[in-house]
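Student: sequence first, predicted model second:
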Amino acid sequence: MARKTASCRLNGLEISLMVLFLLMTAASVGLITVLALKLDSEKQPEEPTIPTVNPPETRYLIGVGRADCTGPVADVPLMGYAHTEQTARGIHTRLFSRAFIVDDGSKRVLFVTADVGMVSQRLRLEVLRELKVKYGDLYRQDNVVMSGTHTHSGLAGYFQYTLFMITSNGYIKPSIQAMVNGIVKSVDTAHRNLRPGRIFINKGELIDSNLNRSPHSYLNNPEEERNRYEYNTDKQIVILKFTDMDGDGMGLLSWFAVHPVSMNYTNRMVSSDNLGYASYAFEQDKNIGFLPGEGPFVAGFSSSNLGDSSPNIRGPVCVNTGEKCDYLNSSCPTGGKKACIAFGPGEDMFESTRIIGENISKKAKELYSSASQELHGSIHAAHQWVNMTDETVPFNSTHTGRTCKPALGHSFAAGTTDGGGEFNFVQGDTDGDPFWDGIRDALLGTPSNETKACHHPKPILVSTGEMNDPLPWHPAIVDVQIITIGSFAIVAVPGEFTTMSGRRIREAVKQELDQGPFTNKEVVVAGLCNIYTHYITTYEEYQIQRYEGASTIFGPHTLSAYIQRYRGLAKAIAQGTTGELPKGPEPPFFDDDKLFNLIKDPVADRAPVNRTFGEVLEQVSPVYKVGEVASVTFVAGNPRHSGDIRDKTLVTVERFHNDMWEIVHTDASWETRFHWIKGFLGISNATVEWYIPGAAEAGTYRIQHFGHYKQSQGNTSIITPYVGTSDVFRVTRSFYYF
Ligand code: ZN
């Protein structure tokens, strides 16, 4: 378990933490998650070797890999909505890391997309340390991009800055360890599978799967700029198709700008959300006969400039009255902002997740099968660390702009229509609120005049850049990075760029690459990469101070500063001078004993009187027809007592076939839901639901649950495995049965 910091260290913080919990309870800070994999047939990675390339026949060496990175599915907060009471209580789908390596014979890049809320600086640094031990200088900060899908139903606890540790209930070792191990394992697999191959690029439009959740901010962008685009979100989906030299598919990597917030903050099960569903559907289609998370084909659906792009495409509505929400503030005449919630397109969050995921997956399949434009040419990687509190940019003909020490505005605490905040905070707030300012000043400290002026017109709620106890509340040193494969460029950004911010940075990078030997350039933004710095709006959107503007932590000139830096990287790539780029200041790696953990070890498990662990409390029905839900409840232990659950399953649905029980679903399957129901004094239950799909074979089935329980004897704890097995039941496809 994560270390517990001496409580005296926290005393000074506790009040501040409590206030911040309150302030942030509903703010939709997307944070992390972890991932999971279940490649049970995988061997341990071999000794790393640098493959040789044999030009000219070989175009690229390509390796793809996937690994489970699901951490503890109980008690740890889910990372995304910053509701600290939204802790994990089971599994809907597992979390995976997907790795893609491309080598041109002399240079190599590695792109990882993981089912986490975002990649944190700590997570990246820990992964890079592991890779260094295993592979020496092969995978480094300049040629490794790590992107989070931004699922809001992954696990928290993998940050080293105070603000994120607060919303995560601390730095939670088992949580980050599962992510690090899963990511590294996906890289090991990709590395081991490196072989000559070809890459094709294709793109298309997906019209019906995202909606701008801050149109009022978007409208503040210059009219002539807006007129160049048909929509106020990006509809473009770009895919890379990886094949071996025989044309057999190895993998797919795709970018589409949408928030994975189809699963809302009422969900308690770990889930990879809509982008995870897209991977799931694509991989199930390619890996015939494999269970989810297994099989050689790897389909990664990466996040992009999703800052203001919501999947809840029915749009926001006052849920109590059916009226339209206020356009600027996203609040309702009765019920305020909490009543203004965006839904859709499905009847519930599960259906919405599936529909959005399926839309993305289907479009990607179409593009995958028709992809014919092949990538050629060498590989480049450009990376710098930048002190984002100290950047100067040209503003207009007479003035320069400066970036600021990090700070969050009032509307940050308002949340969004994808997950509303608490109290009286609303979006679009440029006035502040004396009541909350007073509380802030008393407990968190007054922002300096310099920081206030720098962030204008943002009313500062938390001046995180001026808070350093026990560790800095926000980062100052940020990764900027671009990798290119032939004429294809991936702009790895450290947060959530809005639609227009993404367009501007893509355009700037394109212009710079134009100066070099690049033809038919395609530039994508990969979101939530390397370190999390919240949102990045345009200067104009910032003025409106909706949630995204309030969360643009380095102030109004943040985007301009990034554009300047990424131009520099692109220019270096175009001119072949990436080796001469200054590295910049190295980010800190705080000692473990300076990080805090507020999550206690779980208590010993207890079974109810005269019951045993794994015993069935509520039995399945004898017969179900397809489309129904089979459900069984067991006496359970705390899933945290199962330790590292990567590459395992807590659930199986089994069919009796050829005289044996054959596993047809695991806890990674979309059709299964594992709910852990925490009771009192160590008593808990687990309910397994199987949503029997239309394609299920008629036959004889059972459901099993695998867990562990802890007993304490004196100072020692004993962990014991248990298995729960339901009665055998029949599934029938006919409407009538007896
Ligand atoms: Zn977000």
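Tutor: Cool, got the structure. Numbers count the residues shown, from 1 in each chain.
Student: and the stretch 201-350 of the chain, which of its residues are near the ion?
Tutor: Neighbours of the ion within the stretch 201-350 of the chain, by C-beta under 5 Å from the ion: none found. The way it works is simple: take the backbone N, C-alpha and C, and place the C-beta from them, glycine included.
Student: now the longest strand along the chain: buried residues?
Tutor: Longest among the strand segments of the chain by residue count, using DSSP state E, is strand 699-713. Within strand 699-713, the residues that qualify as buried are 701-710, counting by 16 or more other C-beta atoms under 10 Å.
Student: next one: stretch 102-121
Tutor: In stretch 102-121, counting by 16+ other C-beta under 10 Å, buried: 102-105, 107-121.
Student: and what of stretch 70-87?
Tutor: Buried residues in stretch 70-87, counted by 16+ other C-beta under 10 Å: 70-84, 86-87.
Student: that stretch and the ion, are they touching?
Tutor: No: using C-beta under 5 Å from the ion, stretch 70-87 stays clear of the ion, coming no nearer than 7.2 Å.
Student: rewinding a little: let me have the buried residues of strand 699-713 in TSV, extended by distance to R567 and pLDDT.
Tutor: Formatted as TSV, the buried residues of strand 699-713 follow (distance: C-beta to C-beta, whole Å; pLDDT from 0 to 100):
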residue	distance to R567	pLDDT
Y701	59	98
R702	60	98
I703	56	98
Q704	56	98
H705	55	98
F706	53	98
G707	53	98
H708	53	98
Y709	57	98
K710	55	97
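Student: turn these into JSON lines, including distance to the ion.
Tutor: Shown next, in JSON lines, are the buried residues of strand 699-713 (distance: C-beta to the ion, whole Å):
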{"residue": "Y701", "distance to the ion": "39"}
{"residue": "R702", "distance to the ion": "41"}
{"residue": "I703", "distance to the ion": "35"}
{"residue": "Q704", "distance to the ion": "37"}
{"residue": "H705", "distance to the ion": "34"}
{"residue": "F706", "distance to the ion": "34"}
{"residue": "G707", "distance to the ion": "33"}
{"residue": "H708", "distance to the ion": "34"}
{"residue": "Y709", "distance to the ion": "37"}
{"residue": "K710", "distance to the ion": "36"}
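Student: I'd say L95 and A88 touch.
Tutor: No: between L95 and A88 there is no contact under C-beta atoms under 8 Å: 11.0 Å.
Student: more neighbours: these two, which one.
Tutor: The residue with more neighbours, out of L95 and A88, is L95; 34 against 26, by other C-beta atoms under 10 Å.
Student: okay, that one and A695: tell me how far apart.
Tutor: 25 Å (C-beta to C-beta, to the nearest Å).
Student: where does the helix or strand T687 falls within sit relative to the chain's centre, distance-wise?
Tutor: For T687, the host element (DSSP states H and E) is strand 684-691. The chain centre lies 25 Å from the centre of strand 684-691; the measure is C-alpha atoms, centre = their mean, to the nearest Å.
Student: do the same with stretch 200-210
Tutor: Its chain's C-alpha centre and that of stretch 200-210 lie 20 Å apart, by C-alpha atoms, centre = their mean.
Student: what comes up buried for it?
Tutor: Those would be 200-202, 206, 209-210, for stretch 200-210 by 16+ other C-beta under 10 Å.
Student: and what of stretch 656-667?
Tutor: For stretch 656-667, the neighbour count (16+ other C-beta under 10 Å) marks 661, 664-667 as buried.
Student: show the average pLDDT along that stretch.
Tutor: For stretch 656-667, the mean per-residue pLDDT is 97.
Student: what do you get for stretch 494-507?
Tutor: Here the average pLDDT along stretch 494-507 is 98.
Student: now do stretch 462-481
Tutor: 95.
Student: for that stretch, list the C-alpha coordinates in PDB.
Tutor: Output of stretch 462-481 as PDB, limited to C-alpha atoms (Å, rounded to 0.1, in the frame of the first residue of the first chain):
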ATOM      1  CA  VAL A 462      -7.100  29.100  -6.100                       C
ATOM      2  CA  SER A 463      -3.700  30.600  -6.700                       C
ATOM      3  CA  THR A 464      -2.100  27.200  -7.100                       C
ATOM      4  CA  GLY A 465       1.200  28.600  -8.400                       C
ATOM      5  CA  GLU A 466       1.700  30.500  -5.200                       C
ATOM      6  CA  MET A 467       1.000  27.400  -3.000                       C
ATOM      7  CA  ASN A 468       3.800  25.000  -2.200                       C
ATOM      8  CA  ASP A 469       2.800  23.200   1.000                       C
ATOM      9  CA  PRO A 470       3.600  20.300   1.300                       C
ATOM     10  CA  LEU A 471       4.600  20.300  -2.400                       C
ATOM     11  CA  PRO A 472       3.800  22.600  -5.300                       C
ATOM     12  CA  TRP A 473       0.100  22.600  -6.000                       C
ATOM     13  CA  HIS A 474       0.700  22.700  -9.800                       C
ATOM     14  CA  PRO A 475       3.600  22.100 -12.200                       C
ATOM     15  CA  ALA A 476       5.600  24.900 -13.700                       C
ATOM     16  CA  ILE A 477       7.800  22.700 -16.000                       C
ATOM     17  CA  VAL A 478       5.900  21.300 -18.900                       C
ATOM     18  CA  ASP A 479       6.700  18.900 -21.800                       C
ATOM     19  CA  VAL A 480       6.300  20.100 -25.400                       C
ATOM     20  CA  GLN A 481       6.800  17.500 -28.000                       C
END
